[in-house]
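**Student:** Here is a sequence with its predicted model. Questions after.
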Amino acid sequence: MTTNTLFIRILAFGAIVAIIAGLFWSQNPAFLSTGNIRALMRHMSVNGVAALGLTFVIVVRHFDLSFPGVASFGAMTMGWLIAGGQPLWMAISGGLAVGLLFGIFNGIAVARFKLPDIVTTIATGGLAIGFSYFYSNGTSISRNFFMSGLLDINDGRFLGLDRPFAILLGAALIGILILNASRFGRAFYATGENETAAWYSGVPVNAMVVAAFALCGLCACLSVVLLVASSGAANVSAGTQLLMPAFAAVYLGAALFGRPSVLATLAGTMLMSLMLNGFTLLAIPYYYSDAIVSTVLILAITCFDPRISGALRRLIPARKEKLA
Amino acid sequence: MTDVTQQSVPTASAARRAPARQGLQPGQALMRYGFFGLVIAVFVVFAVLRPTFIAPGNIHGMLMSASIAALMFLGLTWIVAAGEIDVSFMSVAALSNMTVAGLVSGGADWPLATLGGLGIGVLFGLLNATLVAGLRLPALVITIASGALAASIAAAIGLGTSISLSTTGYVGALLDMRVGVLPLLAVIVAAIYVVAWFMQEKLTFGRYVYALEQNRAAVEEAGVPVNRLMFMLYVLSGVVSAVAGILLAANLSSGQPYLGTSYFLDGLTAVLLGGMALKFGKPNVIGTLAAVIFLTGLLNGAALLGWTDSQRQIVRGSLLLVGVGLVVYARTRTHKRKTA
């Protein structure tokens, strides 16, 4: 991609953001209030961190459908550790460890044992949901949450930013360093493009796939830590709401910027959060949110598909010539 | 990548194994028919452990739920057999279920409501078919999105909760009908599966489905209307899911917006585990039927033994994992034997 097209894509993205923000602002001026923008950034943090992890899996051209279930299990593990009186850092590491372990398991199953990614991750996600019921038989956990300092992760500030947003920015920075600013990142893309060619070029293909799945599991659990910190309770369906926004963010970003990358995913997340937040302000009930996200996702994939956008482009000049 | 049952050894010489009827080695026979033995074993074990398991009422209940599930997974079986995926089937069933419930509770009569539910199935089938088969967009992401759309509308119809129904109309009457001791529905579904087996084994349709999974480009070059075939499969999946959703509305006397979740794992498990029977890892209708009966018996028996939902969920997940593992293992074995 030349700098020129990148510039055009960034301009296009800015224009879309401005249009969406303008539309919601005209309906409800509170949309651009400081309070709402902070709420938006917090909402973006939860979905953004999950989408960040998924980006790696999509880059190596695999799929992970287990992360919502794994995130639920991570949330329950963390909640159980806090309720059991463990210090906060240990509880959070416990939750993240769950994500890492499931991610590594998925990665090894897919890379080493060549199991089909979609069905395998559906199965491990189902297992994780089953495990998440073990701690409390399915009831939500919130004991000791107030005392433990977990809620400060949501309420605290860091360098003038809300802490969840600071965490997202930090995670994104690390993500950029890994994926888009290092040899390591090249190896991810190479594995996704052509596994055989990458292998002959000296890329440890299997290790890259395992790393991608491990990062995805880890990020899913980090995002659910933020979610639990904002809602104040861990429950067994905590992770399910991560699935659609994460996929939508990665695919929307990839559609806008030509290929999946950390910045593209951040852009996709921002668009999704803008829309979801705006519709919430317009008092649209919660059960419509997946309908909105999925409609946007289907439209984005369809319109940005090279063949379809090519056909559309051919259509438009043809009409202009007729007019002239 | 969208190929859910991808080969693990991409050998160029992976020509189709001729149906080796004669000279079946004991190991092969075990793999081919062993699953049916497992199905019978599950029923025998639970019948011994819990005699109520084989009480007529329980058998009847199991037959009903197995019939509805088998109907829902018919389209999915062939989609996976053709190397594609559909993860929207259970949400389409939930939406058709809620559409029927919403229409009936809103005063419409049952024939109209079932037409509405069926229309939903056709609509979502066409949506998936157009995007995946027509425009060749990635099947997994498209069906995740269309499934989420269906689930979201289903929740919106009931404003987030279920709708209970006071009448079950002609669908309820149909469910109550019996042929001898068997429920009529089970007989109808069995007949549908016999027809499906005939289409899969004796018509070119079935050959094309399995050929598609092997090499889509080759099938296209050979002049088979690949896109039209995939289009039909996705519409079929939408329609059978919708019919299952309509039947569930009468069977549960209610519309349940979240009924999809429990069918999701079961559907994929049935298709992949069933693929182990008869065809060495290739999804097929008889295998799916056997696996549905197996799962129904296992989950029902486990409930009688007092297992919790989470334990049964773990059993489901493990079975799916075992199914996938076996499929891949069986394929590497058959390919190695062929290339050796």
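**Tutor:** Received it, and whenever you're ready, just let me know what you need. Since the model is a prediction, treat every value here as computed from it, not as a measurement.

**Student:** Disregarding flanking residues, what is the spatial nearest neighbour of the residue nearest to the spatial centre of chain A?
**Tutor:** By C-alpha atoms, centre = their mean, chain A has its centre lying nearest to residue A:51, at 1.2 Å. Residue nearest to residue A:51 in three dimensions, not counting chain neighbours: residue A:249, with 3.8 Å by C-beta to C-beta, 6 or more residues apart in numbering or on different chains. To be clear about C-beta, it is placed using only N, CA and C from the backbone, and glycine gets the same treatment.

**Student:** Can you name the residues of the stretch 201-340 of chain B sitting close to chain A?
**Tutor:** The interface of the stretch 201-340 of chain B toward chain A, taken as C-beta under 8 Å from any C-beta of the partner chain, is made up of B:264-265, B:268, B:272, B:308-314, B:316-318, B:320-321, B:324-325, B:328.

**Student:** Restricted to helices, list the residues you listed.
**Tutor:** B:264-265, B:268, B:272, B:309-314, B:316-318, B:320-321, B:324-325, B:328 (DSSP state H).

**Student:** List only buried entries from those.
**Tutor:** Burial of those was assessed by neighbour count (16 or more other C-beta atoms under 10 Å in any protein chain shown); the buried members are B:264-265, B:268, B:272, B:310-314, B:316-318, B:320-321, B:324-325, B:328.

**Student:** Strands along chain A, start to end?
**Tutor:** A:157-158, A:161-162 (DSSP state E).

**Student:** re earlier: quick one, what contacts the residue nearest to residue A:51?
**Tutor:** In this structure, residue A:249 makes contact with A:47, A:48, A:51, A:54, A:265, A:268, A:269, A:271, A:272, judged by C-beta atoms under 8 Å, 6 or more residues apart in numbering or on different chains.

**Student:** which bits of the stretch 1-150 of chain A sit near chain B?
**Tutor:** A:61-63, A:65, A:113-120, A:122-134, A:137-138.

**Student:** repeat that for 6 Å
**Tutor:** Counting by C-beta under 6 Å from any C-beta of the partner chain, the residues of the stretch 1-150 of chain A close to chain B are A:61, A:63, A:114-116, A:118-120, A:123, A:126-127, A:129-130, A:133.

**Student:** Among those residues, name the buried ones.
**Tutor:** A:61, A:63, A:114-116, A:118-120, A:123, A:126-127, A:129-130, A:133.

**Student:** Now, the residues you listed that are in helices?
**Tutor:** A:118, A:119, A:120, A:123, A:126, A:127, A:129, A:130.

**Student:** how close does residue B:92 get to chain A?
**Tutor:** Distance, residue B:92 to chain A, by C-beta to the nearest C-beta, to the nearest Å: 13 Å.

**Student:** coming back round to it: out of the buried ones among the residues of the stretch 1-150 of chain A next to chain B, which two sit at the greatest distance?
**Tutor:** Across those, no pair lies farther apart than A:61 and A:133, at 33.2 Å, counting by C-beta to C-beta.

**Student:** Skipping its backbone neighbours, what lies nearest residue B:118 in space?
**Tutor:** Sequence neighbours aside, residue B:242 is the residue nearest to residue B:118 in space, at 5.5 Å (criterion: C-beta to C-beta, 6+ apart).

**Student:** now the helices for the stretch 101-250 of chain A?
**Tutor:** All helices of the stretch 101-250 of chain A, identified by DSSP state H, counting those that start in this stretch, fall at A:117-132, A:145-148, A:151-155, A:163-179, A:183-193, A:195-200, A:205-231, A:243-257.

**Student:** what does the stretch 101-250 of chain B give?
**Tutor:** B:110-128, B:139-157, B:169-176, B:184-202, B:204-214, B:216-221, B:226-251.

**Student:** can you list those helices in a markdown table and add mean pLDDT?
**Tutor:** Below are the helices of the stretch 101-250 of chain B laid out as a markdown table (pLDDT from 0 to 100):
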| stretch | mean pLDDT |
| --- | --- |
| helix B:110-128 | 94 |
| helix B:139-157 | 91 |
| helix B:169-176 | 84 |
| helix B:184-202 | 92 |
| helix B:204-214 | 88 |
| helix B:216-221 | 86 |
| helix B:226-251 | 93 |
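
**Student:** thinking residue A:129 is in contact with residue A:70, fair?
**Tutor:** No. Assessed by C-beta atoms under 6 Å, residue A:129 is found out of contact with residue A:70, at 8.9 Å.

**Student:** Tell me the spacing between the residue nearest the centre of chain B and residue B:279.
**Tutor:** With distances taken as C-alpha atoms, centre = their mean, the residue of chain B nearest its centroid is residue B:73 (1.6 Å). Separation of residue B:73 from residue B:279 (C-beta to C-beta, to the nearest Å): 16 Å.

**Student:** what's the answer for residue B:122, then?
**Tutor:** 30 Å.

**Student:** Which one's more surrounded, the two?
**Tutor:** residue B:279 (19 against 15; other C-beta atoms under 10 Å in any protein chain shown).

**Student:** ok, residue B:105 - contacts?
**Tutor:** By C-beta atoms under 6 Å, 6 or more residues apart in numbering or on different chains, the residues touching residue B:105 are residue B:163.

**Student:** and with 8 Å instead?
**Tutor:** By C-beta under 8 Å, 6+ apart, the contact set of residue B:105 is B:163, B:165, B:255.

**Student:** same question, residue B:147
**Tutor:** Residue B:147 neighbours (C-beta under 8 Å, 6+ apart): A:294, B:87, B:88, B:89, B:90, B:91, B:92, B:260.

**Student:** Next: residue B:319.
**Tutor:** Per C-beta under 8 Å, 6+ apart, neighbours of residue B:319: B:269, B:273, B:295.

**Student:** From residue B:277, how far out is residue A:239?
**Tutor:** In terms of C-beta to C-beta, residue A:239 sits 34 Å off from residue B:277.

**Student:** same thing with residue B:146?
**Tutor:** 30 Å.

**Student:** now residue B:333
**Tutor:** 16 Å.

**Student:** what's the burial count for residue 91?
**Tutor:** Going with chain A. 25.

**Student:** should've been chain B
**Tutor:** 31.

**Student:** check which helix or strand covers it.
**Tutor:** According to DSSP states H and E, residue B:91 maps onto helix B:89-105.

**Student:** got the contact list for residue A:66?
**Tutor:** Residue A:66 neighbours (C-beta under 8 Å, 6+ apart): A:102, A:106, A:121, A:122, A:123, A:124, A:125, A:128, A:217.

**Student:** The last one is in contact with residue A:100, isn't it?
**Tutor:** Yes. Using C-beta atoms under 8 Å, residue A:217 and residue A:100 qualify as a contacting pair, with a distance of 5.8 Å.

**Student:** Of these two, which one has the most company?
**Tutor:** Looking at residue A:217 and residue A:100 with other C-beta under 10 Å, you find the greater number of neighbours at residue A:217, namely 32 against 19.

**Student:** how near is that one to residue A:91?
**Tutor:** To residue A:91, residue A:217 is 17 Å away according to C-beta to C-beta.
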